[in-house]
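Trainee: only geometry, no sequence info:
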């Protein structure tokens, strides 16, 4: 039996560096988390709005809003073979960065990844939002020991893991099914990727208690007819993430106008068990049509919050 605990904490940098800062391999790159140097990596921060009328005895919750996650992480930087402690500290600062490189078309955020036996690996996209704080009591260069405190921000405060993907393949018109589930404690915003043809996709409303949710309510059988995908479109993506175009071609062109005023409306609630939902293809365009349902996995914590029946 594997001993429980945090197996690994790693930083995957904007510069493609992998820095293991806790666990096996910790400090191989001359950087690791200081003991007691971690704060605010657990639950996602949020702001709640409540209302209470002048004659009401009880207040009622009105809304919840996620906030940017700010963390203070203290690292220990030491000398390694071929690099000084100050070079390894620079490597850490460069790996996380202060912004996406505007000159690099392939720039990406650094990622903080936490792996546990209980929940696998969950990840945050991170940046520095203030200069590091270094307050040495000794000469850090002479002693080859730096202990900077980095001010880290994640604009998206939720931890995420590799999305689940289910597929349907059509070689002729007809119906098929894809599997859907949401085992997380966050609402899920799905993404559909279609290679061609003319398809109709489900957009169900959901009802039921956690762990027993199924299509229900006014839109329990709602299906959205999609426009024909032209060869020049190079496929189609339907994305419920509000930061993305809801319907775009494979060339990243907005094609929502071609839906004739039809929109996708519904999120998948937390703790929705595995089940099959229908997909229809009315025209394959003379070829094979592939439909992928991409299901993000987002959590409020780096481990835990799985549904306990």
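Mentor: Now that the structure is in, tell me what you want to look at. Just so it is clear, the model here is predicted, and its values are computed rather than measured.

Trainee: From now on I want contacts and neighbour counts done on CA atoms only, so please keep to that.
Mentor: Will do.

Trainee: Just to check, residue 164 is in contact with residue 294?
Mentor: Yes - using CA atoms under 8 Å, residue 164 is in contact with residue 294, at 6.0 Å.

Trainee: okay, now the domains of the chain?
Mentor: 6-49+64-157, 161-299 (automatic domain parsing).

Trainee: so where's the longest helix in this structure?
Mentor: The longest helix of the chain (DSSP state H) is helix 85-96.

Trainee: same for it, what does it pack against?
Mentor: Packed against helix 85-96, as judged by 3 or more CA pairs under 8 Å, 6 or more residues apart in numbering; DSSP states H and E, are the following elements: strand 6-12, strand 31-38, strand 69-78, strand 110-116, strand 120-128, strand 145-146.

Trainee: per-stretch mean pLDDT over those strands, give me the minimum one.
Mentor: Ranked by mean pLDDT, those bottom out at strand 31-38, which scores a mean of 90.

Trainee: Skip the chain neighbours and tell me the closest residue to residue 30.
Mentor: Of all residues not flanking residue 30 in the chain, residue 78 sits nearest, at 5.0 Å (CA to CA, 6 or more residues apart in numbering).

Trainee: SS state for the residue lying farthest from the centre of the chain?
Mentor: The centre of the chain is farthest from one residue, residue 55, which by CA atoms, centre = their mean lies 42.6 Å away. The three-state assignment at residue 55 reads coil, by DSSP: H, G, I helix; E, B strand; the rest coil.

Trainee: And the pLDDT for it?
Mentor: The score at residue 55 is 88. That number is its pLDDT.

Trainee: same question, residue 286
Mentor: Looking at residue 286, its pLDDT reads 87.

Trainee: ok, how many other residues are close to it?
Mentor: 11 (other CA atoms under 10 Å).

Trainee: if I look at it, how far off is residue 110?
Mentor: 43 Å (CA to CA, to the nearest Å).

Trainee: check contacts around the residue nearest to residue 30.
Mentor: Counting by CA atoms under 8 Å, 6 or more residues apart in numbering, residue 78 touches 30, 31, 84, 85, 86, 88, 144, 145, 146.

Trainee: For the buried ones among the residues you listed, write the corresponding ChimeraX selection.
Mentor: In ChimeraX, a selection of the buried entries from the contacts of residue 78 looks like this (16 or more other CA atoms under 10 Å):
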select :30,31,84,85,86,88,145,146
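
Trainee: now, which of the contacts of residue 78 sits nearest residue 199?
Mentor: Closest approach to residue 199 among the contacts of residue 78 (CA to CA): residue 31, at 51.0 Å.

Trainee: Find the nearest non-adjacent residue to that closest one, please.
Mentor: Once flanking residues are discounted, residue 31 sits nearest to residue 77: 4.6 Å by CA to CA, 6+ apart.

Trainee: Next one: the one you found from residue 22, what distance?
Mentor: From residue 77 across to residue 22, the span is 13 Å (CA to CA).

Trainee: what's next to stretch 139-155, contact-wise?
Mentor: 34, 67-79, 84-86, 89, 124-136.

Trainee: Now the buried members of those residues.
Mentor: Buried members of the contacts of stretch 139-155, scored by 16+ other CA under 10 Å, are 34, 69-79, 84-86, 89, 124-128, 132.

Trainee: Now do the contacts for the nearest residue to residue 258 once chain neighbours are set aside.
Mentor: Distances taken as CA to CA, 6+ apart place residue 227 nearest to residue 258, at 6.1 Å, with adjacent residues excluded. Counting by CA under 8 Å, 6+ apart, residue 227 touches 198, 199, 258, 259.

Trainee: now the residues you listed as TSV including pLDDT, distance to residue 151 and neighbour count?
Mentor: TSV is the format used below for the contacts of residue 227 (pLDDT from 0 to 100; distance: CA to CA, whole Å; neighbours: other CA atoms under 10 Å):
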residue	pLDDT	distance to residue 151	neighbour count
198	97	49	20
199	98	47	24
258	96	45	12
259	96	44	14
